[in-house]
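Enquirer: Please work out how this folds:
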Amino acid sequence: MELTSFLANSGFAHMGFGNALMILVGLVFITLGIVKDYEPLLLVPIGFGILLGNIPPIAGMPVGVYDDNSVLFFLYQGVSKGIYPPLIFLGIGAMTDFSTMLSNPKLILLGAAAQIGVFLTFMGAIVLGFTVQQAGAIGIIGGADGPTAIFLASMIAPELLGPIAIAAYSYMALVPVIQPPIMKLLTTKKERLIHMKPPRTVSRREKIIFPIVAFLICALLAPGSMTLLGMLFFGNLLKESTVTERLANSARHSMINIVTILLGLTVGASTQAQVFLTPQSMMIFVLGALSFVVATSGGVLFAKFMNLFLKDKINPLIGAAGVSAVPDSARVVHAVGQREDPTNFLLPHAMAPNVAGVIGSAIAAGVLWSALGNF
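Expert: This next block holds a predicted model:
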């Protein structure tokens with residue numbers, strides 16, 4: 001009798017097909033992170049979080065992220081209240097070198113061009129029946145920036161936070177798979193062989209002034225981006241000033257690592273099958289994939305358009321780095337270029353639109369929040 005009662009209250013007795021399916025998805029994420037080395041710092045915590053979130057809940061035992069006053073519930077507040085993303089941006093700022101962007105400012109346009117994926121997906125989501133707030137949160141997946149997607153969803157479409165977060169991070173991790181075929185399809189071999197001039201040396205003064213001026217311009221232009229970009233540029237100022245190296249080291253090492261663990265684990269745990277497996281979630285994944293393709297294409301095609309007017313041609317491959325998956329998109333661009341010509345080093349150039357894409361996606365999120373927050 002006691003054994004029967006024990007088994008009746010175990011997870012095995014309440015395991016449904018949906019929970020089993022999501023556990024399988026979690027195992028795939030972990031495998032991709034460990035075996036394929038696809039964004040392991042994201043996919044391993046998210047994958048294990050999916051396992052954690054899909055152990056069937058037992059009545060009267062608050063253990064999941066949706067159970068009031070459980071431990072995971074409190075940890076998940078960093079996601080649902082938009083706390084973790086700005087801390088991630090602080091760490092990213094402390095790791096980012098804006099020198100290549102400052103040395104060739106016209107490459108900023110490629111980061112802006114890639115944001116076309118955000119707004120086309122926004123319109124597509126409206127056509128599919130999502131509310132304007134939900135469509136705005138889904139559209140930002142096209143920026144390939146997980147923290148930004150989480151932040152905007154938590155502000156204007158918290159009911160879709162789980163699928164949006166998983167979709168955004170999934171496509172970030174799959175950058176090496178998704179982007180190369182698009183880049184090759186949209187460019188000729190001659191274009192892929194273009195060599196660009198080495199970036200000029202940027203002075204320390206420029207590096208210090210930039211985060212201050214850029215923050216003021218961006219925050220005044222799109223006040224909704226103030227939280228994310230404020231933390232990004234503050235982190236960069238800590239790095240470039242060289243007088244706060246201890247703070248910069250804390251931001252780019254221990255702090256961002258701790259926050260990444262908590263964010264990944266709790267985002268994964270939010271994929272409880274009973275909440276996550278819905279037709280809306282499936283549509284979000286499809287729209288996310290399309291937005292990522294459109295964003296990549298937009299950056300590459302705009303680089304080709306710019307070459308019509310430039311004497312010193314741009315290798316259009318670097319346009320794909322306009323999505324803000326830093327630094328993976330830039331690395332993919334470099335790898336594709338190296339396959340065509342091992343002497344062509346595109347990484348320094350690709351980092352310019354890559355970091356511009358981070359700024360661009362945050363501004364896009366701020367614009368959407370300002371426009372749709374009280375819609």
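Enquirer: Quick check on the spatially most central residue of the chain: phi, psi?
Expert: Centroid-nearest residue in the chain, with Cα atoms, centre = their mean: Asp145, separated by 1.9 Å. With angles defined as degrees, to the nearest 10, Asp145 sits at phi -130, psi 100.
Enquirer: Figure out the helix or strand that Lys304 lives in.
Expert: Here Lys304, judged by DSSP states H and E, is contained in helix 279-307.
Enquirer: Which strands and helices lie in contact with that helix?
Expert: Judged by 3 or more Cβ pairs under 8 Å, 6 or more residues apart in numbering; DSSP states H and E, the packing partners of helix 279-307 are helix 108-113, helix 116-127, helix 132-139, helix 161-173, helix 175-186. Just so you know, the C-beta spots here come from the backbone N, C-alpha and C atoms, and that holds for glycine as well.
Enquirer: Buried residues, that helix. List them.
Expert: Under the neighbour-count criterion of 16 or more other Cβ atoms under 10 Å, helix 279-307 has 280-281, 283-285, 287-304, 306-307 buried.
Enquirer: Who are the contact partners of Gly230?
Expert: When contacts are counted by Cβ atoms under 8 Å, 6 or more residues apart in numbering, Gly230 touches 86, 215, 219.
Enquirer: Surely the last one is in contact with Ser225?
Expert: Which is Ala219. Yes: checked against Cβ atoms under 8 Å, the pair Ala219 and Ser225 is within contact range at 6.6 Å.
Enquirer: Name the nearest residue to Ile178, ignoring sequence neighbours.
Expert: With Cβ to Cβ, 6 or more residues apart in numbering as the criterion, Ile178 has its nearest non-adjacent residue at 6.1 Å, and that residue is Phe292.
Enquirer: distance of the one you found from Met282?
Expert: Here the criterion is Cβ to Cβ, to the nearest Å. By it, Phe292 lies 16 Å from Met282.
Enquirer: Would you agree the residue nearest to Ile178 is in contact with Val323?
Expert: Yes: using Cβ under 8 Å as the test, Phe292 is close enough to Val323 to be in contact (7.1 Å).
Enquirer: what residues are shared contacts of the two?
Expert: Taking Cβ under 8 Å, 6+ apart as the contact rule, Phe292 and Val323 both touch 117, 142, 144.
Enquirer: How many residues are close by Val259?
Expert: The number of residues packed near Val259 is 20, by other Cβ atoms under 10 Å.
Enquirer: same deal with Pro198?
Expert: With neighbours defined by other Cβ under 10 Å, the count for Pro198 comes to 10.
Enquirer: Now do the phi/psi pair for it.
Expert: Dihedral angles (degrees, to the nearest 10) for Pro198: phi -60, psi 140.
Enquirer: Which residue, other than its chain neighbours, is closest to it?
Expert: With Cβ to Cβ, 6+ apart as the criterion, Pro198 has its nearest non-adjacent residue at 7.4 Å, and that residue is Pro348.
Enquirer: Check whether that neighbour really touches Thr100, as I assumed.
Expert: Yes: Pro348 lies in contact with Thr100 (Cβ under 8 Å); the separation is 5.1 Å.
Enquirer: Mind listing the shared neighbours of the two?
Expert: Pro199.
Enquirer: Please identify which of those two sits among more neighbours.
Expert: Comparing Pro348 with Thr100 by other Cβ under 10 Å, the one with more neighbours is Thr100, at 22 against 18.
Enquirer: Quick check: buried residues in the helix or strand hosting Ile208?
Expert: Applying DSSP H and E as the criterion places Ile208 in helix 204-221. Buried residues in helix 204-221, defined by neighbour count with 16+ other Cβ under 10 Å: 207-208, 210-211, 214-215, 218-219.
Enquirer: Centre of the chain to that helix, how far?
Expert: In terms of Cα atoms, centre = their mean, to the nearest Å, the centre of helix 204-221 is set 23 Å apart from its chain centre.
Enquirer: Rounded mean pLDDT for it, please.
Expert: If you average the pLDDT over helix 204-221, you get 96.
Enquirer: Straight-line length of stretch 242-258, end to end?
Expert: Stretch 242-258 has an end-to-end distance of 24 Å (Cα to Cα, to the nearest Å).
Enquirer: Just the residues contacting that stretch, thanks.
Expert: Contacts of stretch 242-258 (Cβ under 8 Å, 6+ apart): 87-88, 90-95, 204, 235, 238-239.
Enquirer: What about those residues, which are in helices?
Expert: Mapping those onto helices (DSSP state H) picks out 87-88, 90-95, 204, 235, 238-239.
Enquirer: List just the nearest of those residues to Phe122.
Expert: Using Cβ to Cβ, Ile88 is the member of the ones in helices among the contacts of stretch 242-258 that lies nearest Phe122, at 23.2 Å.
Enquirer: Check whether the closest one really touches Leu263, as I assumed.
Expert: Yes: counting by Cβ under 8 Å, Ile88 touches Leu263, with 6.9 Å between them.
Enquirer: one step back: looking at the helices and strands packed on helix 279-307, which is nearest to Ile34?
Expert: helix 161-173 (12.3 Å).
Enquirer: Now do the helix holding Ile208: which elements does it pack against?
Expert: Partner elements for helix 204-221 (3+ Cβ pairs under 8 Å, 6+ apart): helix 99-103, helix 226-241, helix 347-372.
Enquirer: Now do that helix and helix 347-372, the angle between them.
Expert: Taking axes from the mean of the first three to the mean of the last three Cα atoms, to 10 degrees, one finds helix 204-221 and helix 347-372 inclined to each other by 20 degrees.
Enquirer: For stretch 54-70, which residues meet the burial criterion?
Expert: For stretch 54-70, burial by neighbour count (16+ other Cβ under 10 Å) applies to 54-57, 64-66, 70.
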